[in-house]
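**Student:** The following block contains a protein sequence and its predicted model.
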Amino acid sequence: MNATIKDIFGKNLRQYGIMLALVAIVLIFAFATGGKLIMPDNLWSLIQQNGYVLILALGMLMVIIAGHIDLSVGSGVAFIGAIIGYMMYTWQLNWILAVVAGIVIGLLMGAWQGFWVAVVKIPAFVVTLAGMLLFRGLAQVIAARTMAGFPAGFNAIAGGNLPHFLGFLPNPFAGWLIPTGSPFAESLDTVTILIGVIGIVGLIVTGWRTRARQIQHGLPVEAMGLTITRWVIISLAIAFVTFILSMSVSGTGLGSSPILLVIVAVLILAYAFVMTRTVFGRHIYAVGGNRNAALLSGVNTVKTDFMIFVNMGLLTAIAAIVTTSRAGAAVAAAGQSYELDAIAACFIGGTAVTGGIGRVSGAMVGALIMGVLNMGLSILSVDANWQMAIKGLILLLAVTWDLVSKRRSTVA
Amino acid sequence: MSDDYILQMRDITKEFPGVKALKSVNIDVKRGEIYAICGENGAGKSTLMEVLSGVHPYGSYTGDIIFNGQTCAFHSIRDSEAVGIVIIHQELALSPYLSIAENIFLGNERATAGVIDWRETNSQAQKLLEQVGLAENPQTRVADIGVGKQQLVEIAKALAKNVKLLILDEPTAALNDTDSDNLLRLIMDLKSQGITCIMISHKLIEIEQVADTTIIIRDGATISQIDMKGDDDHSQERIIHDMVGRPMEHRFPDHTSTIGEEVFAIKDWTVHHPIDTERKVVDRANLNVRRGEIVGLAGLMGAGRTELAMSVFGRTYGTNISGTVLKDGHPVETRTVDQAMGQGIVYATEDRKRYGLNLIQSVKENITSAGLTKLAKMGVIETEAESTVADDFRQELNIKTPTIEVAVGKLSGGNQQKVVLAKWIYTDPDLLILDEPTRGIDVGAKYEIYTIIDALADSGKAVLMISSELPELIGVCDRIYTLCEGRITGCVTREEATQESLMQLMTQEKETDN
């Protein structure tokens, strides 16, 4: 039995809707900025500026789906950033050791909060509000004054590019779409192109194998036309981003892939896998959807809650490393309102405020919508205060649309 | 005219996208009488009442509602309440931390210029409480009184709105027998005061007791309007026949159990109340279940049936629990849900929406939720195998759903119950404790559930079934234990059991102090 188009789209309409919204926003700003938004260097900056939201939103998504909230991640970023900075600046510790130490401290921080939420059963709102004050305070103690001047290796985590060990390819559009003598390279970075090609091939191969397995198990499969359409759209998007990035000249003056993009991409794939394919991911949805039913089905809710916060601690540490590396300095005021960015990304991406529902792809698109808005409005030199106001309205609109469309679907 | 109709609904048709929920329904309601509306789940009873009370506003349906001779166009519940039509839903709409009096006048406050007149509020509430026969202080919090009394508060609230036509959606579903009887008596009392009543109910016995007329709805259409006091055939068989559209010669499938060794037993099982820790909720209970046997557990509400089951299932109820659980003759620990499941003991709750299912997750994910580890390697779920498992259960248990990806909350009660059963069957248990497995589901689906239970016993599993419906226990179980005030007061075989003998055991007081 073939699933009808309505089955597929009916179920995923919300997901497609939010992706279309992202595409629309990109197109609007690309047009309004005269194409500047999608210039190679701006795309490069977009990834750099929003890496932390993407990383934190992955953890926040799990926290919110489980029916909790975490208000402490911004302070956590400052706290761990301060410790890493202190280790490298005052102790002159090797930067790799400092990064490892930062991750360990992130895990401990998450375990601390997880203990209060999962074991003592204090509402997460209260625990993480306390954490927000606690970690900010500690960050201010440790980074009483700004610490700067870190090893180049550390600074490259957020600021560097992958090396050009495969050389360059000629740009087929040079002199045609790309004017000769433009600041952008007339040659393309082969490493970047290769990553894009691997991405597209991976998409199609895994999709094809899933399909084959479904047929083998006699399960309903998507209409072939629909699958191909989706592959084409996603492949084009990957190809476009790859192409632009392979021309970007930031950092080295030669087209390249930001290391941060690789880190973020690996994390997104890993967490999408965790949420859709693993027992742990399923337990998060079960706990958030109906905690009592999960408990009576043998789900260890205490362990699940605890691990969600440990995981949030891990991602907070990664975000702290990225943020500190990007700033090239450890500042007590770092990470201000990062928790709100991550929460907003989840909600814009269709995560249910009451828990139980949400997807990695949604939260990532939510984060990108905010990022594109930020960048587009900045290029248009809209005042930062107005930017904040506009983002607030977008958040409200997105959640309203989500709830209204849900209400409509429950009437049916 | 000799017939004085308070309400006539003419050619009511209501469509939802893709479904015709009501197809030209006609009903006539005489003033001052009691009407029962019967039908299988999904037949359209609730939709009809929602049209009548303005939940579905005028214009979203076709047809006419004529109330007291006037054609009505209700745009909201407020409109219908203004003319005296009040609906009381199955899930009570009371605010638990407000007082009885505050609840009675909620949205209808006794106030001048927004300032509440407390003396007026409390004294009028007192009068209304007397009218419904509830001896409680109007200032008591609603959370502090039982469900039966809360139901009476709802009726008092309706009376405060000067109700002329009272609609009750399964009013006795959550009540014990005493409270049910009180409520039914009150409904008849209201009738003598001239209030017309429409009651949606599954319980044929109570319909027989109180209804003047029974309206049967099937597939969105009125099938029959039976005069219960006249010459019409108003036997239970007739009503069931009209509801399901086929004769129900057997309400229970024929079944003979093949009984083997003892699988499960509890010895001297004592459980204390989690808050009032001095109180014994289960008191030195002993019972056993054998392979292939279906054992019933009967008891009035508050006898400790669910508490007994949940205390065994991972100590999910109670404190200071003592006694022994024996599995295949050996003492075992069932201190956590995980341990109980590890011993092959599972418990399907009586409240599937709150404790049994994740309503926003798919049928598939609910079915595999308890046995998920069987589908996982190193914590990674084999998704295709999972779909296959869920789809097999869909076919085997005849779960009516478009696909296994549909959210379980969208299914009817009977199909939800099948999902709960599938979830536990998939864990391949040795003992299934089924708590009210047919609560709130219609006659046809009940039969299917009984068939599933029989099949489980035939496959060598032991079943312990808790139920409030004595005919069901007698019809399905091989042996029935009775529970009264936490004590096992008897154990009778299917052949010996009658409703009367069970009821006697279920109400057996403590004889002597020892």
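**Tutor:** Noted; the coordinates are in hand. Residues are numbered from 1 along each chain as shown, chains lettered A, B, ... in the order given.
**Student:** what's the pLDDT at B:Lys203?
**Tutor:** According to the prediction, B:Lys203 has pLDDT 78.
**Student:** and the residue of the stretch 101-250 of chain B found nearest chain A, how many neighbours does it have?
**Tutor:** Per Cβ to the nearest Cβ, B:Gly220 is where the stretch 101-250 of chain B lies closest to chain A, at 15.9 Å. Glycine gets a C-beta too; all of them are placed from N, C-alpha and C. B:Gly220: 23 surrounding residues under other Cβ atoms under 10 Å in any protein chain shown.
**Student:** which ones are touching it?
**Tutor:** Taking Cβ atoms under 8 Å, 6 or more residues apart in numbering or on different chains, we find B:Gly220 in contact with B:Lys20, B:Ala21, B:Leu22, B:Lys23, B:Val25, B:Ala43, B:Gly44, B:Thr47.
**Student:** quick one, phi psi at the nearest residue to B:Asp179 once chain neighbours are set aside?
**Tutor:** Nearest residue to B:Asp179, sequence neighbours excluded (Cβ to Cβ, 6 or more residues apart in numbering or on different chains): B:Gly148, at 2.9 Å. Backbone torsions of B:Gly148, given as degrees, to the nearest 10, read phi -60, psi -40.
**Student:** I'd guessed B:Gly148 sits against B:Leu175; true?
**Tutor:** Yes - using Cβ atoms under 8 Å, B:Gly148 is in contact with B:Leu175, at 5.0 Å.
**Student:** Need the residues touching each of these two.
**Tutor:** Here B:Gly148 and B:Leu175 have B:Leu183 as joint contacts, going by Cβ under 8 Å, 6+ apart.
**Student:** okay, those two: which has more neighbours?
**Tutor:** Legend: neighbour count by other Cβ under 10 Å for B:Gly148 and B:Leu175, higher for B:Leu175 (22 against 19).
**Student:** Roughly how far does the spatially closest residue to the residue of the stretch 101-250 of chain B closest to chain A that is not a sequence neighbour sit from B:Lys14?
**Tutor:** Spatial nearest neighbour of B:Gly220, excluding adjacent residues (Cβ to Cβ, 6+ apart): B:Gly44 at 4.1 Å. Here the criterion is Cβ to Cβ, to the nearest Å. By it, B:Gly44 lies 8 Å from B:Lys14.
**Student:** Quickly list what's touching both of those two.
**Tutor:** Common contacts of B:Gly44 and B:Lys14, defined by Cβ under 8 Å, 6+ apart, comprise B:Ala21, B:Leu22.
**Student:** My guess is A:Leu71 contacts A:Val127. True?
**Tutor:** No - using Cβ under 8 Å, A:Leu71 is not in contact with A:Val127, being 9.0 Å away.
**Student:** more neighbours, the two?
**Tutor:** A:Val127 (25 against 19).
**Student:** And the more buried one, which helix or strand is it part of?
**Tutor:** Element membership for A:Val127, per DSSP states H and E: helix A:124-142.
**Student:** If you count neighbours, what's buried in that helix?
**Tutor:** Of all the residues in helix A:124-142, those buried under the rule 16 or more other Cβ atoms under 10 Å in any protein chain shown are A:Ala124, A:Val127, A:Thr128, A:Gly131, A:Met132, A:Leu134, A:Phe135, A:Arg136, A:Leu138, A:Ala139, A:Gln140, A:Ile142.
**Student:** Strands of chain A, start to end?
**Tutor:** Here chain A has its strands, by DSSP state E, at A:147-148, A:168-170, A:187-189, A:329-330.
**Student:** Give the rounded mean pLDDT of the first one.
**Tutor:** Spelled out, it's strand A:147-148. Averaged over strand A:147-148, pLDDT sits at 92.
**Student:** Could you do the second one as well?
**Tutor:** Regarding strand A:168-170, the rounded mean pLDDT is 77.
**Student:** Show me how far that strand is from its chain's centre.
**Tutor:** Chain-centre distance of strand A:168-170: 30 Å, with Cα atoms, centre = their mean, to the nearest Å.
**Student:** partners of it in the sheet?
**Tutor:** Strand A:168-170 has its sheet partners listed here by DSSP bridges as strand A:187-189 (antiparallel).
**Student:** And the contacts of the strand it pairs with?
**Tutor:** For strand A:187-189, the external contacting residues (Cβ under 8 Å, 6+ apart) are A:164, A:166, A:168-171, A:174, A:243, A:245-247, A:254-257.
**Student:** from the chain's centre, how far out does that strand sit?
**Tutor:** Taking Cα atoms, centre = their mean, the mean C-alpha location of strand A:187-189 is offset from the chain mean by 27 Å.
**Student:** What residues of it count as buried?
**Tutor:** Buried residues in strand A:187-189, counted by 16+ other Cβ under 10 Å: A:Ser187, A:Leu188, A:Asp189.
**Student:** Generate JSON lines for those residues, with distance to B:Val115 and pLDDT as supplementary columns.
**Tutor:** JSON lines is the format used below for the buried residues of strand A:187-189 (distance: Cβ to Cβ, whole Å; pLDDT from 0 to 100):
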{"residue": "A:Ser187", "distance to B:Val115": "80", "pLDDT": "72"}
{"residue": "A:Leu188", "distance to B:Val115": "76", "pLDDT": "79"}
{"residue": "A:Asp189", "distance to B:Val115": "75", "pLDDT": "81"}
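**Student:** closest to A:Thr146 among these?
**Tutor:** Of all the buried residues of strand A:187-189, A:Asp189 has the smallest distance to A:Thr146: 34.2 Å, by Cβ to Cβ.
**Student:** got the contact list for B:Lys161?
**Tutor:** Going by Cβ under 8 Å, 6+ apart, B:Lys161 touches B:Glu81, B:Gly84, B:Val86, B:Asn108.
**Student:** counting contacts, what elements does the host helix or strand of the third one pack onto?
**Tutor:** Assigning secondary structure by DSSP H and E places B:Val86 in strand B:85-88. Strand B:85-88 makes packing contacts with helix B:45-52, helix B:77-82, helix B:147-160, strand B:165-169 when contacts are defined by 3 or more Cβ pairs under 8 Å, 6 or more residues apart in numbering or on different chains; DSSP states H and E.
**Student:** ok, and what's touching that strand?
**Tutor:** Contact with strand B:85-88 is made by B:49-50, B:52-53, B:55, B:67, B:77, B:80, B:151, B:154-155, B:158, B:161, B:163-169, B:171, as judged by Cβ under 8 Å, 6+ apart.
**Student:** Count the residues that sit near B:Thr438.
**Tutor:** Using other Cβ under 10 Å, B:Thr438 has 25 neighbouring residues.
**Student:** and it, backbone torsions?
**Tutor:** Backbone torsions of B:Thr438, given as degrees, to the nearest 10, read phi -120, psi 20.
**Student:** Next one: it from chain A, what distance?
**Tutor:** Distance, B:Thr438 to chain A, by Cβ to the nearest Cβ, to the nearest Å: 19 Å.
**Student:** Excluding covalently adjacent residues, which one is nearest to that residue?
**Tutor:** Spatial nearest neighbour of B:Thr438, excluding adjacent residues (Cβ to Cβ, 6+ apart): B:Lys446 at 4.5 Å.
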